[in-house]
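Participant: Generate coordinates for the sequence data below:
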Amino acid sequence: MSLRPCPSCGNNVSKQAEFCPNCGHPFETKKGKSNGITFWGVVAAVVIAILIISYC
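Facilitator: Below you'll find the predicted structure:
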């Protein structure tokens, strides 16, 4: 498990933590961006599939 220092209090915190358990300082998570792309990719694929099926 990798640790990083909290910029607010200096406590060592897991890199997967969303906030510091010592002081509550929030950390940025990078999961949101990839989930957004995946969501819209699925939506686009479903719409395209519906269009293809409706024209056949």
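Participant: And the contacts of the helix or strand harbouring Ile48?
Facilitator: If you go by DSSP states H and E, Ile48 is part of helix 31-55. For helix 31-55, contacts defined as CB atoms under 8 Å, 6 or more residues apart in numbering pick out no residues. Where you see a C-beta, it was placed from the backbone N, CA and C, and this is true even at glycine.
Participant: average pLDDT across that helix?
Facilitator: Helix 31-55 shows a mean pLDDT of 83.
Participant: Any idea how far it is from the middle of the chain?
Facilitator: Distance of helix 31-55 from the chain centroid (CA atoms, centre = their mean, to the nearest Å) equals 18 Å.
Participant: Equivalent analysis for stretch 14-22, please.
Facilitator: Relative to its parent chain, stretch 14-22 has a centroid offset of 15 Å by CA atoms, centre = their mean.
Participant: Okay, buried residues for that stretch please.
Facilitator: Residues Cys20 are the ones in stretch 14-22 that count as buried (16 or more other CB atoms under 10 Å).
Participant: From the opening residue of it to its closing one, how far?
Facilitator: Terminal residues of stretch 14-22 are spaced 12 Å apart (CA to CA, to the nearest Å).
Participant: Can you list the neighbours in contact with that stretch?
Facilitator: With CB under 8 Å, 6+ apart as the criterion, stretch 14-22 contacts 1-4, 6, 8-9, 11, 13, 25-27, 29.
Participant: Okay, and which of those map to helices?
Facilitator: Taking DSSP state H, every one of the contacts of stretch 14-22 sits outside helices.
Participant: Restricted to buried residues, select those in ChimeraX.
Facilitator: Of the contacts of stretch 14-22, the buried ones go into a single ChimeraX selection, burial set by 16+ other CB under 10 Å:
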select :6,13
